[in-house]
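In: Kindly generate the corresponding structure for this input.
(one chain, ligands or ions: 1)
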Amino acid sequence: MKAPPLSYVRAATLSEAFQLWRDAGPDARLLAGGQSLLATLAFRLSDPGTLVDIVRLHELRGISQVGGTTIRVGALATHAELGRHDLIRRHLPLIAEAVPLIAHAAVRNRGTIGGSLAFADPAAELPACCVALDAMIVARNAADERRIPAAQFFTGLYATALRPYELIAAVEFPIAKPGERTAVLELARRSGDYAMAGVAAKTRLAGATLIEPQLVFFGVGDRPVVAERAMATISGQQALPATIAAAQAALAADLDPPADRHGSGRTKRHFARVLLARALARLAGLDEARAA
Ligand SMILES: Cc1cc2nc3c(=O)[nH]c(=O)nc-3n(C[C@H](O)[C@H](O)[C@H](O)COP(=O)(O)OP(=O)(O)OC[C@H]3O[C@@H](n4cnc5c(N)ncnc54)[C@H](O)[C@@H]3O)c2cc1C
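Out: Numbers count the residues shown, from 1 in each chain. Next up is the predicted model:
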């Protein structure tokens, strides 16, 4: 199929982008890497009338450390940039580990973190990682800026807390604390495919004890799913076989995966249980194959 008829405008500055967006109306879409938007246009899943290209906006670029506690990532940082940036590799290893799981090199070279979060595909890796890492989404309109915790940003299937004429300017991540461990695992049919199911996990370890563990699943709901009951089961425990089994049992109440082209809800629950065991084993430095 071909895209519907479109107008295209390119903004040179952030304030011009907001002006062009207002002029084009609320249905107009921002164009970042185009890796999701152009596909939805080609399939005629959206008909925005106008594309406002934001890819040249320097205000939305850059990856930097802010003080001693935060890494700020501009919305236009591509997946590839995230994967190779020294600050990300040193302070946000979960993000660096997630990048190779996203699509293929060609998509990673153009796709952006802002686009991935705004598109809010429930099977995408970065939204779940942002929730697991307690990231803040920095949203901007023409006049103001506000910060939305990632856990509140995803409001449904391909839906976010962004308001009309509001864009993602940046994402702010707390720097990983000493003793923090993270892991992201997924099951996909082929390398580069969207996940059939996945999990982004984080914990601190005191000896072998899991402190404040976070388990955020993707591909098993309409948005990233925080596995509250499974987390409560393992918090303050060691990742022993009995604890892992108890967490797997608790997970049943955390997830209600809809059937999709990858399988039934029951199959997806099974995937999630397997991933939970592997993630806990990896966090605790145990043999993953035996844990699952
Ligand atoms: C073959 C293929 C395989 C893929 N596999 C995966 C995968 O395994 N995992 C995965 O996570 N993704 C995957 N993707 C999607 C890819 O990661 C996209 O790059 C990403 O989802 C969207 O980023 P983008 O910059 O390309 O956004 P665009 O396609 O330009 O935009 C997507 C949407 O976000 C909006 N938007 C963009 N930037 C902003 C902003 N700053 N503020 C507000 N709204 C904004 C746009 O208006 C549009 O509605 C795949 C894509 C392809 C083509």
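In: Burial check on Arg261, number of neighbours?
Out: Around Arg261 sit 6 other residues, with neighbours defined as other Cβ atoms under 10 Å. For every residue, glycine as well, the C-beta is placed using N, CA and C.
In: host element of Ala12?
Out: Under the criterion of DSSP states H and E, Ala12 resides outside all helices and strands.
In: can you tell me which residues contact the closest residue to it other than its chain neighbours?
Out: The spatially closest residue to Ala12, leaving aside those adjacent along the chain, is Arg56, at 6.4 Å (Cβ to Cβ, 6 or more residues apart in numbering). Contacts for Arg56 (Cβ atoms under 8 Å, 6 or more residues apart in numbering) come out as Arg10, Ala11, Ala12.
In: Am I right that the first one is in contact with Leu57?
Out: Going back to what we said before, that points to Arg10. No. Under the criterion of Cβ atoms under 8 Å, Arg10 makes no contact with Leu57, lying 9.8 Å away.
In: These two: which has the busier surroundings?
Out: Leu57 (23 against 15).
In: Please name the residues that touch the nearest residue to that one once chain neighbours are set aside.
Out: Nearest-residue entry for Leu57: Leu14, 5.5 Å, with adjacent residues in sequence omitted and distances by Cβ to Cβ, 6+ apart. With contacts taken as Cβ under 8 Å, 6+ apart, Leu14 has the following neighbours: Leu57, Glu59, Leu60, Arg140, Ala169.
In: just these now: which is nearest the ligand?
Out: If you rank those by distance to the ligand using Cβ to the nearest ligand atom, Leu60 comes first, at 6.2 Å.
In: just checking, that closest one touches Ile54?
Out: Yes. Contact status for Leu60 versus Ile54: in contact at 6.5 Å, counting by Cβ under 8 Å.
In: shared neighbours of those two, anything?
Out: Residues touching both Leu60 and Ile54 comprise Leu76, with contact defined as Cβ under 8 Å, 6+ apart.
In: near the ligand at all, stretch 90-102?
Out: Yes. Using Cβ under 6 Å from any ligand atom, stretch 90-102 reaches the ligand at Ile102.
In: in whichever helix or strand Arg266 is part of, what's buried?
Out: Of the helices and strands defined by DSSP H and E, Arg266 is found in helix 265-284. Using 16 or more other Cβ atoms under 10 Å as the test for burial, helix 265-284 gives 268-269, 271-284.
In: average pLDDT across that helix?
Out: Mean pLDDT, computed over helix 265-284, is 95.
In: Distance from the chain centre to that helix, please.
Out: Taking Cα atoms, centre = their mean, to the nearest Å, one finds the center of helix 265-284 at 18 Å from the center of the full chain.
In: Could you list every helix and strand in contact with that helix?
Out: Here helix 265-284 touches strand 180-187, strand 197-206, strand 209-218, helix 241-254, helix 288-291, going by 3 or more Cβ pairs under 8 Å, 6 or more residues apart in numbering; DSSP states H and E.
In: Of all those, which one is nearest Leu30?
Out: Proximity of those to Leu30 was assessed by Cβ to Cβ; the nearest stretch is strand 209-218, lying at 23.3 Å.
In: what's the angle from the closest one to helix 265-284?
Out: Between the axis of strand 209-218 and that of helix 265-284 there is an angle of 140 degrees, by axes from the mean of the first three to the mean of the last three Cα atoms, to 10 degrees.
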